[in-house]
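In: Sequence first, predicted coordinates after that:
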Amino acid sequence: MNTAARMCCVSIGIFLSAVAASGQALAQTSGTVERMYVLYCGESTTQDVSANWSPGVNVGVARDFSDNCYLVKHAKGWLLWDTGMSDSIAEMPEGLSAANGLLTMYDKKTLASQLRGLGVAPGDVKLLAVSHFHSDHVGNANLFAGTKVYIQEPEYAAAFGPDAAKFGYAPKFYEKLATGEVVKLKGDHDVFGDGSVQIVSTPGHTPGHQSLLVRLPKSGAVVLSGDMVHFQENWDSRIIPARNFDKKQSAESMDRVARLLEAEHAKLWINHDKAQSAGVAHAPEFVE
């Protein structure tokens with residue numbers, strides 16, 4: 001083989017290696033999320049949104065909040081993000097007073113009934129992750145005793161430590177999670193190892209608050225906010241609730257998510273923004 005022929009073969013080999021490497025990288029980041037169900041997990045109302053959620057802004061103005069859970073169908077199984085308000089609230093037609101009377105919580109459709117409607121039993125959910133341990137996000141966590149749970153290490157220390165009440169946590173809603181495998185995270189985590197579902201560390205609202213990046217096959221990337229932000233106006237103006245655990249961390253987490261949205265061309269799904277939530281398909285419909 002002459003020199004020119006050898007050089008041609010080498011060039012082709014390099015090209016094919018580059019294509020193969022590129023394909024592997026794409027496979028690692030394309031993911032295998034099949035679909036995601038948005039589940040109604042309660043709603044709430046306050047007569048003065050400035051009292052906690054937007055201090056100094058909209059003083060005396062009432063506001064309604066949505067509360068969703070998210071069930072992700074992946075080729076490797078089901079992941080549930082948050083468990084919403086306790087299904088027991090559905091038996092209280094007048095709602096449940098919370099946050100020292102600042103909030104009234106309602107539940108018109110239980111999480112358990114919605115899962116049954118999808119043919120999913122709590123035992124079918126092999127992976128659980130929650131944004132944080134306030135009761136409107138872990139109200140039904142005990143349904144998933146024995147499930148593998150992803151929790152940021154500082155959040156675990158606060159929620160399962162001796163001073164849980166100091167952080168606004170009520171262990172009766174989630175104490176059974178300790179019977180399963182608890183993965184204590186120290187930052188971001190790729191849940192399925194393919195880039196399709198990633199836990200994003202966003203502390204501030206609580207010591208170990210986290211958000212979730214989901215790369216949907218048709219809709220593209222979405223970031224599920226948890227309580228990193230409560231509604232669009234707060235996001236636009238970077239307003240931090242009065243009772244957040246750490247205001248500096250809260251601001252840094254907002255900035256981090258803003259950069260993530262830009263880098264991923266992602267949408268921010270704000271869990272408690274009722275107007276935005278109304279525009280998203282809920283179970284039994286799904287997004288993909």
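Out: Everything's here; your move. Numbers count the residues shown, from 1 in each chain.

In: right, and the helix or strand after the strand of greatest length in the chain?
Out: Longest among the strand segments of the chain by residue count, using DSSP state E, is strand 33-46. Sequence-wise, the next helix or strand downstream of strand 33-46 (DSSP states H and E) is strand 63-74.

In: Residue 243: what secondary structure?
Out: Three-state call for residue 243 (DSSP: H, G, I helix; E, B strand; the rest coil): coil.

In: Look at it and say how many residues are nearby.
Out: Residue 243: 13 surrounding residues under other CB atoms under 10 Å. For the C-beta atoms, the positions are set from N, CA and C on the backbone; glycine is no exception.

In: The residue lying closest to residue 168 once chain neighbours are set aside: neighbouring residues, count only.
Out: Nearest non-adjacent residue to residue 168, counting by CB to CB, 6 or more residues apart in numbering: residue 134, 5.9 Å away. When neighbours are defined as other CB under 10 Å, residue 134 has 22 of them.

In: Then residue 133?
Out: By other CB under 10 Å, neighbour count at residue 133 equals 27.

In: Excluding covalently adjacent residues, which one is nearest to it?
Out: residue 159 (4.1 Å).

In: per-residue pLDDT, the one you found?
Out: We have a pLDDT of 98 for residue 159.

In: what about the residue nearest to residue 168, distance to residue 115?
Out: 21 Å (CB to CB, to the nearest Å).

In: got it, and residue 104?
Out: 25 Å.

In: The two - which one has more neighbours?
Out: residue 115 (23 against 17).

In: Wait, the more buried one touches residue 123, no?
Out: No. Using CB atoms under 8 Å, residue 115 makes no contact with residue 123, being 10.4 Å away.

In: Could I get the phi/psi values of the residue nearest to residue 168?
Out: Note on residue 134: its backbone torsions stand at phi -70, psi 150 [degrees, to the nearest 10].

In: my guess is it meets residue 227, correct?
Out: Yes. Counting by CB under 8 Å, residue 227 is a contact partner of residue 134 at 7.1 Å.

In: Overlap in contacts, the two.
Out: Among the neighbours of residue 134, those also in contact with residue 227 (CB atoms under 8 Å, 6 or more residues apart in numbering) are residue 206.

In: In stretch 246-265, which residues are buried?
Out: Residues of stretch 246-265 classed as buried by neighbour count (16 or more other CB atoms under 10 Å): 246, 249-250, 253-254, 257, 260-261.

In: can you list the residues you listed in a markdown table and add distance to residue 49, pLDDT and secondary structure?
Out: Putting those into a markdown table (distance: CB to CB, whole Å; pLDDT from 0 to 100; DSSP: H, G, I helix; E, B strand; the rest coil) gives the following:
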| residue | distance to residue 49 | pLDDT | secondary structure |
| --- | --- | --- | --- |
| 246 | 21 | 98 | coil |
| 249 | 22 | 98 | helix |
| 250 | 17 | 98 | helix |
| 253 | 21 | 98 | helix |
| 254 | 18 | 98 | helix |
| 257 | 22 | 98 | helix |
| 260 | 27 | 97 | helix |
| 261 | 24 | 98 | helix |
